[in-house]
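In: Here is my input; please provide its structure:
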Amino acid sequence: MKKVMAILIAVSSLLGFGVPALAMNDAEAINLSGSQRMLSQRMMKSYLMIGADVKTDVAHKQLDESIGLFEERLQALQDYAPTDKIRTRLGMVEKIWVKHRAGLLATPVKSNIDSFMKENRDLLGACNDVVIEIARFANVPSAELVNISGRQRMLSQRIAKAYVAMYWNVDSADVRKEFSDSIAEFGQSLQQLQQSPINTPEVRQALERVGSQWSFSQTGFKLDENGQYVPTVIAVTTESILWKMNDITKMYEQIMSSQS
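Out: Numbering: from 1, shown residues only. Just a heads-up that it's a prediction; the model follows:
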């Protein structure tokens, strides 16, 4: 039975679907809740790409997929929730999400984008609270590595989101701070992961590949003084980093599961 369930989980992961709630353990829940943080930023990035007319065919597809995944995974986490605190945190996510989803499905309008982006940051914060609460409940040292590596996925998308916003002339102090803070946090967290004593050879090699790409990407993140932006390049670069970090998060999830 365990082997059959493992196959079902693997297939659902490959298809991009949420883990079946009845099969979800704490490590999987941290990974899945962490993916909600990433999706919150990915959806906003796609919305901004549509507004800014950047790879709109790709952006529409990513937005539709991300909205579906967010809803599906929220339901899976609500079915999993083992404590009242976790259920309360998920309730806060759902409350913000109901309103935010309606905005994401509407045609992008620059005139009210500041308030909409604030709402997006609120959704991200609520999703992050869920991850922290589940990691606290799991109480396993490696849970923090699942959390950190999963957060790197989110940061890749938050960097892209802020960059596209600036390209679309949504150039507020909050957006610039998000951009610079996300770049700094990604670099610091990558070093923290690379220094973990529990890293397997496979994890170390995967982190080295991310480190090489991250170093190469730094020049692209530097904003041109003449206002020359390269949103397509940034979208492709951050997408690549996202999926590399997604694989690494899964590796840490497996390490955590073996320690439980």
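In: which stretches of the protein have low pLDDT?
Out: 1-23, 224-227, 260 (pLDDT under 70).
In: okay but residue 52 is in contact with residue 161, surely?
Out: No - contact criterion CB atoms under 8 Å: residue 52 and residue 161 do not qualify, at 11.2 Å. Glycine gets a C-beta too; all of them are placed from N, C-alpha and C.
In: quick one: which of these two has more around it?
Out: residue 161 (27 against 21; other CB atoms under 10 Å).
In: what packs against the helix or strand hosting that one?
Out: Following DSSP states H and E, one finds residue 161 within helix 143-167. Where contact means 3 or more CB pairs under 8 Å, 6 or more residues apart in numbering; DSSP states H and E, helix 143-167 is packed against helix 26-52, helix 113-138, helix 173-194, helix 201-221, helix 231-259.
In: Please identify which of these is closest to residue 98.
Out: Closest to residue 98 of those, according to CB to CB: helix 113-138, at 10.6 Å.
In: now the angle between helix 173-194 and that closest one, please.
Out: For helix 113-138 against helix 173-194, the angle by axes from the mean of the first three to the mean of the last three CA atoms, to 10 degrees is 30 degrees.
In: Can you pull the phi/psi pair for residue 65?
Out: When read as degrees, to the nearest 10, the backbone of residue 65 gives phi -60, psi -40.
In: do you know how far it is from residue 235?
Out: Distance, residue 65 to residue 235, by CB to CB, to the nearest Å: 15 Å.
In: Which one of those two is surrounded by more residues?
Out: Relative neighbour count places residue 235 above the other of residue 65 and residue 235, with 22 against 15, counting by other CB under 10 Å.
In: I'd like the helices and strands packed on helix 143-167 as JSON lines, with distance to residue 86 appended.
Out: Output for these, formatted as JSON lines (distance: least, CB to CB, whole Å):
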{"stretch": "helix 26-52", "distance to residue 86": "9"}
{"stretch": "helix 113-138", "distance to residue 86": "5"}
{"stretch": "helix 173-194", "distance to residue 86": "24"}
{"stretch": "helix 201-221", "distance to residue 86": "27"}
{"stretch": "helix 231-259", "distance to residue 86": "17"}
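In: Packed most tightly, which of those would that be?
Out: Highest mean neighbour count of those: helix 26-52, a mean of 26 (counted as mean count of other CB atoms under 10 Å).
In: Report how many residues lie close to residue 111.
Out: By other CB under 10 Å, the residues close to residue 111 number 6.
In: Report the contact partners of the residue nearest to residue 164 when sequence neighbours are not counted.
Out: Nearest residue to residue 164, sequence neighbours excluded (CB to CB, 6 or more residues apart in numbering): residue 48, at 4.4 Å. Taking CB atoms under 8 Å, 6 or more residues apart in numbering as the contact definition, residue 48 lies against 108, 113, 161, 164-165, 168, 170.
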